[in-house]
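With the input below, show me the fold.
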Amino acid sequence: MAKGDELIKYMTEQFIKYMETPKEVRKQAKASQREVREHWQYRWFGMVPLAIRMWLNGLRKKK
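Numbering: from 1, shown residues only. Prediction:
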């Protein structure tokens, strides 16, 4: 039961921290996060899509 208590304590701390930050600061942080966001393929699958694309381009050039 201790893990559940720790989780609730952590969630409460994060919620209070969120509520205490001014709205403008939260909006700024959210806007800057959107600019840095990676393409969905790389977030989900890492470098695998890039590797496959490079491999296929190499096969196409050989033909």
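
helices or strands up against the worst-scoring helix or strand of the chain on mean pLDDT?
Within the chain, confidence by mean pLDDT, DSSP states H and E is lowest for helix 40-45 among all helices and strands, at a mean of 80. Packing partners of helix 40-45 (3 or more CB pairs under 8 Å, 6 or more residues apart in numbering; DSSP states H and E): helix 48-62. C-betas here are computed from N, CA, C, even on glycine.

Need the residues that contact the helix it packs on.
Here helix 48-62 makes contact (CB atoms under 8 Å, 6 or more residues apart in numbering) with 41-42.

so how far is that helix from its chain's centroid?
Distance of helix 48-62 from the chain centroid (CA atoms, centre = their mean, to the nearest Å) equals 26 Å.

what is the mean pLDDT for that helix?
Averaging pLDDT along helix 48-62 yields 87.

ditto for stretch 15-29
Average pLDDT, stretch 15-29: 90.

Send me it as PDB with only the CA atoms.
The C-alpha trace of stretch 15-29 is given here as PDB (Å, rounded to 0.1, in the frame of the first residue of the first chain):
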ATOM      1  CA  PHE A  15      -0.800  19.200  -9.400                       C
ATOM      2  CA  ILE A  16       0.000  21.900  -6.800                       C
ATOM      3  CA  LYS A  17       3.100  22.900  -8.600                       C
ATOM      4  CA  TYR A  18       1.100  23.200 -11.800                       C
ATOM      5  CA  MET A  19      -1.600  25.300 -10.200                       C
ATOM      6  CA  GLU A  20       0.900  27.600  -8.500                       C
ATOM      7  CA  THR A  21       2.600  28.600 -11.800                       C
ATOM      8  CA  PRO A  22       1.100  31.600 -13.500                       C
ATOM      9  CA  LYS A  23      -1.000  31.000 -16.600                       C
ATOM     10  CA  GLU A  24       1.300  33.000 -18.900                       C
ATOM     11  CA  VAL A  25       4.300  30.800 -17.900                       C
ATOM     12  CA  ARG A  26       2.400  27.700 -18.600                       C
ATOM     13  CA  LYS A  27       1.400  29.000 -22.000                       C
ATOM     14  CA  GLN A  28       4.900  29.900 -22.800                       C
ATOM     15  CA  ALA A  29       6.200  26.500 -21.800                       C
END
